[in-house]
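Visitor: Pasting a predicted model and its sequence here:
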Amino acid sequence: MLLVLKSILFAAMLFLGSNGSETVNDDQNAEKLADFEMTVMFEGHKVMMTSTKGCAWEELGFSGYDEVIIDQSGFRTFVNGPTSLEGSSSPFLFTLTKTKEGLALSGLKGTAWKKLSFSLSEGDTASIDEMGMVSVGEHSR
């Protein structure tokens, strides 16, 4: 009986000690994860994104193969490039680039992932969140 109580107490301490909203980045510093989710799809030559959680924007779109920077408010620009995070109050920040094969993303802030890449065909959607890719499926037309 005492062993069971000790096991329960130990499990409770582990549970309370880790809140699931932090991850350790490459520098071994704890970083808060953002709480967001969005879908991405190709419409013709455009990349279209729809926020389903955690963003001030509802829809964003761009065309071409240029890298764009996305945060809670939408597209973002930095004087010193995307690695200059000073002044960014957004809980998350990542770059997104359209490639010949699909999309490439780099997490800069508030994501558990550092790099994501995946293929998408016309009409397919991918859902991503702070933990990575949630699903890939066909868009209902």
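Guide: Cool, the structure landed.

Visitor: shaky segments in this structure?
Guide: 1-31, 77-87, 138-141 (pLDDT under 70).

Visitor: what do you get if the cut-off is 90, keeping everything else the same?
Guide: For the chain, residues meeting the criterion pLDDT under 90 lie at 1-31, 42-46, 62-68, 75-89, 97-102, 118-124, 133-141.

Visitor: Strands of that one, start to end?
Guide: Secondary structure of the chain (DSSP state E): strands at 22-24, 30-32, 37-43, 46-53, 59-63, 67-71, 74-76, 93-98, 102-109, 115-119, 124-129, 132-138.

Visitor: is the nearest residue to Lys114 once chain neighbours are set aside in a bridge, and if so with what?
Guide: Once flanking residues are discounted, Lys114 sits nearest to Gly107: 5.3 Å by C-beta to C-beta, 6 or more residues apart in numbering. C-beta coordinates here come from the backbone N, C-alpha and C atoms, glycine included. Bridge pairing for Gly107 (DSSP bridges) gives the partners Phe94.

Visitor: now do Val47
Guide: Taking DSSP bridges as the rule, Val47 bridges to Phe42, Phe62.

Visitor: Just to check, it is in contact with Val40?
Guide: Yes - taking C-beta atoms under 8 Å as the definition, Val47 is a contact partner of Val40 at 6.5 Å.

Visitor: Find the residues that touch each one of the two.
Guide: Residues within reach of Val47 and of Val40 at once, by C-beta atoms under 8 Å, 6 or more residues apart in numbering, are 96, 103.

Visitor: who's in contact with the residue nearest to Lys114?
Guide: 92-94, 113-116.

Visitor: Closest to Gly61 out of those residues?
Guide: Phe94 (16.5 Å; C-beta to C-beta).

Visitor: what about that closest one, distance to Val68?
Guide: Phe94 sits 10 Å away from Val68, going by C-beta to C-beta, to the nearest Å.

Visitor: And those two? Which one has more around it.
Guide: The residue with more neighbours, out of Phe94 and Val68, is Phe94; 25 against 19, by other C-beta atoms under 10 Å.
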